[in-house]
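Asker: Whatever this is, show me its structure:
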Amino acid sequence: TYWMAEMTNLNQKTIAVSFFLFFACISPAITFGAVYGKATHNNIGAVEMLIATAWCGIVYALVGGQPMMINGGTGPVLAFTEILYKMSLSMDVPFLAFNAWIGIWICIYMCLAAFGDLNWIIAYATRFTDEIFALLIATIFIINALGSPFSTTGIFYYFQEDHKSHEEHGDNEDYSHTATAFLSLIVCIGTVQVAFSLRKVKFSPFLPSQWLRNTVTDFAVVSSILIWTLIAALAFGYVPLETLNVPDTIAPTFVCCTEDCDLSWPEDCPDIEEPYGRRSWLVDITDLNGKRWVPIAAAGPAFLAFILVFLDDGITWHLINHPAHKLTHGQAFDYDTVIIGLMAAINGLFGLPILVAATVRS
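Answerer: Below is the predicted model:
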C-alpha cells in the first residue's frame, strides 16, 4: 500500500524535511502562543499552541488523506479568537467553555460540508486564485518579520530605543539597543541569503558529486539557521538578542487564584502570594453561568469560523495538489474536511487553539 511504502521509505529528503518542519513549526507556535496569551488573558498560551501543533501534526500526518498540508496558527484565526474572548466577557460566560462550543459547531459544519460535497466549490479555484492567496499569506509573513504597520513586531522596531524588547536590559549601562538591532538585522538577512545560496548549489558545478550537491540543497535552510545561530552566539555573544520565550513546563497556561479558577494569578489577584493551581486540561462545557442559550448562540460565530477554516484549508489543498507538484495519490478533500473538523472539536474541549492550514509552510 501507499502507507507502507511511505512509512518504510526513510531517505535523506525525509530527514531534511523533518528538520526544516521542526524549525518552521516550533517558532510560529511559540510566537503565536505568546500573542494568544495576551489576547485571551492566558486562557490559551504557548503551551496550548505547542501541544495543538504537535498532536494535530502527528495525527494528520498518519491518518490525513493529504498529509502534505501543515496545520498551524494563523493571523486570521488569532484575530477571530480575540473577538470570541471579548464576546465571552460581554456575555459573562467562561471563555474556554464558549470556545469549546465554537469548536463543536465547527466540527458539525465541517462534517455537513463534507457529506454534502461542498468542496466542489474549490474546483473552480484557478491558478490565479491559488497564487494570489499564497502571495497574500507570504506577504503578511514578510511584512511581520520586517516591521508590521499594525503592531510593534518586526526587525526594524528593534531600532526604537523604547521598544519592549529592550526593557529587560534597562539596568545594564553597557547595553546598546543599536548594536542589538543591527545584529538582529544582519542575522535575519544573512540567514535568508545563505539559505537561498545553498539551495542553488544543486545546479552549480561545485562539489565533486551530484549526491553532495543534493545534500547541501536539502539541508539548506537548516544549515543556514545553524550557521547564523553559531555566529551570533560565538562571535557576538556579548550582544544580547531577543529569543523565543519557551515554556518551562508542559502545563496549562492559566494559573488560578482560587478554587473557582475564574481569575488569573497574579494579574487579577496581586494580594494572593501563592496560586491555587492551574486550570484543568478538560474544559467543562456545562460551565456557562446558567446561560443555557450559549450553545445555540455559538452556532452564529462558529459559522464564520467555519468559512475561514473551510476556505483556508481548501485553497491550501488545491495549491498542494497542483499538477506541477506531480503528486500521484489523488485528492481527499471531503475526508480531510471531516478530520479537520474533528480536530477543531477536540482542541476546543481541551482548551487548545483551533488550527488551520499553514499555507506558507505547506
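Asker: number of nearby residues for Arg361?
Answerer: Using other Cβ atoms under 10 Å, Arg361 has 17 neighbouring residues. For every residue, glycine as well, the C-beta is placed using N, CA and C.
Asker: For this protein, which segments count as strands?
Answerer: 71-72, 255-256, 277-278, 356-357 (DSSP state E).
Asker: got a list of contacts for the second one?
Answerer: So the one you mean is strand 255-256. For strand 255-256, contacts defined as Cβ atoms under 8 Å, 6 or more residues apart in numbering pick out Asn42, Asp262, Leu263, Ser264, Trp265, Pro266, Pro275, Tyr276, Gly277, Arg278, Arg279.
Asker: Please repeat the previous calculation with a cut-off of 7 Å.
Answerer: Defining contact as Cβ atoms under 7 Å, 6 or more residues apart in numbering, one finds that strand 255-256 is touched by Ser264, Trp265, Pro275, Tyr276, Gly277, Arg278, Arg279.
Asker: still on that earlier bit, the strands of the chain into a markdown table, with extra columns for distance to Tyr157?
Answerer: Listed next are the strands of the chain as a markdown table, based on distance: least, Cβ to Cβ, whole Å:
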| stretch | distance to Tyr157 |
| --- | --- |
| strand 71-72 | 24 |
| strand 255-256 | 30 |
| strand 277-278 | 33 |
| strand 356-357 | 27 |
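Asker: and those strands as TSV, adding mean pLDDT, distance to Met91 and mean neighbour count?
Answerer: Shown next, in TSV, are the strands of the chain (pLDDT from 0 to 100; distance: least, Cβ to Cβ, whole Å; neighbours: other Cβ atoms under 10 Å):
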stretch	mean pLDDT	distance to Met91	mean neighbour count
strand 71-72	87	29	26
strand 255-256	86	21	20
strand 277-278	86	25	16
strand 356-357	86	25	25
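Asker: Any idea which of those gets closest to Phe219?
Answerer: strand 71-72 (22.1 Å; Cβ to Cβ).
Asker: Could you report the neighbour count for the closest residue to Leu319 other than its chain neighbours?
Answerer: With sequence-adjacent residues excluded and distances taken as Cβ to Cβ, 6 or more residues apart in numbering, Leu319 is closest to Asp130, at 4.8 Å. When neighbours are defined as other Cβ under 10 Å, Asp130 has 17 of them.
Asker: OK, contacts around Asp130?
Answerer: Asp130 neighbours (Cβ under 7 Å, 6+ apart): Ile315, His318, Leu319, His322.
Asker: Of the residues you listed, grab the buried ones for PyMOL.
Answerer: To isolate the buried ones among the contacts of Asp130 in PyMOL, judged by 16 or more other Cβ atoms under 10 Å, type:
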select buried, resi 315+318+319
